[in-house]
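Participant: I need the structure of the sequence given here:
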Amino acid sequence: MLSSILFFFSLQGPFPVLPLYAVEIGAGEAVWGLTFTLVSALAVTLRLPGGVLSDRLGRKGVMLFGGLMLMAGWLILWGIPNTAGLLIGRAVQGISIGTFTTVYRALIMDLAPKARRGQAVGLSNLSFPLGVILGAPLGEWIKSQYGYGPTFLYGAGMAGACVLLVLFVRSNGHSLSSQSLMKGVRVVFPRRGIQAGIWGMVSVAVVFVSVFTFLPLLMAERVIAGTGFAFSIYAFVQLVGQPLGGSLGDRFGRRWVVVAGVLIKAAGILAFLSARGQDILYLGSALAGFGIALVLVNLDTIVLSSAPSDLRGTAAGLEYASFDCWVGILGWLLGAIAARTDYESIYILMAVMVALWGVLMWLLIPPHMGQPIKQPAAEPVVR
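Facilitator: Numbering: from 1, shown residues only. Below is the predicted model:
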């Protein structure tokens, strides 16, 4: 868990200064946008192969590779201060995202006690919001004091610390798979819990797009400041909500908690729609963040619990490759609709989509996952 936190401190820390760096070295906005395409394409492409490799060779090796690629990306940016260095460095970081972030969830599931899997996944999912809340301001401060070079070295140092911690992992917690990529997919893909995760990621992607793609534009149109703070609220509530959501799923059943989270996400989107000031904007951010926390941690646990122990990496790769694809598809589709209508119509459409997805989730999630996880009996105290 600590290694994943350091990974996201590295990934998110220097990130806020990268657009300014791209302009300063003459790359410009178009090239900066191209780096997003490179990172996303490589991450999506490598999620499934990375998961399969972790099943066949062990989680630890794939995580070490991902951490080293992240460190290499920052060192390239530091050592090649031009447009080529920016493109190559970001591409290498796309490789790291597609491998490390897919596999570490499977490792957590391998090692966690069955009755505490939701809680364990929730705790491990804290790494991204911590990187946003703490890592990004630290990166901005380093840049303001020392410049771009030391900021990139800070990112490389955090990635190096991540790699060192992974070296201390002593057990994979699973028997190694002998399945090929396609055979593993054929085993995992038809399972109902895996399907629930793949399709459930649509509702997660809708909220992600509603916050990070269209919210700044909607608030600018309404002349409401504070979108940056709304992002911080969204991340902070996820920070609190992920372990809580996992524990609730362990205690009351994942099916109920996922559907409740979907409805809370829909309420958050409606709050954005009705916002005429910062108070409702921040309320919407809190609702969206909490709903995402409840849904995401329990979908992760459903997917990883539904796969055989030696194919959890494959299952995680399918789940998060689908998320990346849904974000790309929905961002493009909703953007095309917004160009012909207005942002209010888009937010109504997104709220309806998310609410209807609650019904689909109820039908897709296996009924036995609506039941509480049986807690192990306490050991008798010997005096």
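Participant: Next one: the residue nearest to Gly139 when sequence neighbours are not counted from Tyr154, what distance?
Facilitator: Setting aside the residues directly before and after it, Gly139 is nearest to Gly13 in space (CB to CB, 6 or more residues apart in numbering), at 3.5 Å. The way it works is simple: take the backbone N, C-alpha and C, and place the C-beta from them, glycine included. Look at Gly13 and Tyr154: by CB to CB, to the nearest Å, they are 6 Å apart.
Participant: and what of Ile337?
Facilitator: 41 Å.
Participant: More neighbours: Gly13 and Tyr154, which one.
Facilitator: Set Gly13 next to Tyr154 and count neighbours by other CB atoms under 10 Å: Gly13 wins out with 29 against 22.
Participant: Now do the helices in the stretch 151-300 of the chain.
Facilitator: 181-188, 192-212, 215-221, 227-252, 254-274, 278-306 (DSSP state H, counting those that start in this stretch).
Participant: Phi, psi for Ser180 please.
Facilitator: phi -70, psi 170 (degrees, to the nearest 10).
Participant: Contact partners for it?
Facilitator: By CB atoms under 8 Å, 6 or more residues apart in numbering, no residues touch Ser180.
Participant: Just the pLDDT for it.
Facilitator: Note for Ser180: predicted pLDDT of 73.
Participant: What's the separation between it and Ser322?
Facilitator: Ser180 is 21 Å from Ser322, by CB to CB.
Participant: what's the answer for Leu218, then?
Facilitator: For Leu218 relative to Ser322 (CB to CB), the value is 27 Å.
Participant: Spatially nearest residue to the residue positioned nearest the centre of the chain (excluding sequence neighbours)?
Facilitator: For the chain, the residue lying nearest the average C-alpha position, counting by CA atoms, centre = their mean, turns out to be Phe128 (6.7 Å). Setting aside the residues directly before and after it, Phe128 is nearest to Phe8 in space (CB to CB, 6+ apart), at 5.3 Å.
Participant: The one you found contacts Leu134, doesn't it?
Facilitator: No - checked against CB atoms under 8 Å, the pair Phe8 and Leu134 is beyond contact range at 9.6 Å.
Participant: Compare the two (neighbour count), which wins?
Facilitator: Just comparing Phe8 and Leu134: by other CB under 10 Å the higher neighbour count belongs to Phe8, 24 against 17.
Participant: How many residues are close by Thr45?
Facilitator: Neighbours of Thr45 using other CB under 10 Å come to 15.
Participant: Could you check how far the helix or strand harbouring it is from the centre of its chain?
Facilitator: Secondary structure from DSSP states H and E places Thr45 in helix 28-57. Centre-to-centre, helix 28-57 and its host chain are 13 Å apart (CA atoms, centre = their mean, to the nearest Å).
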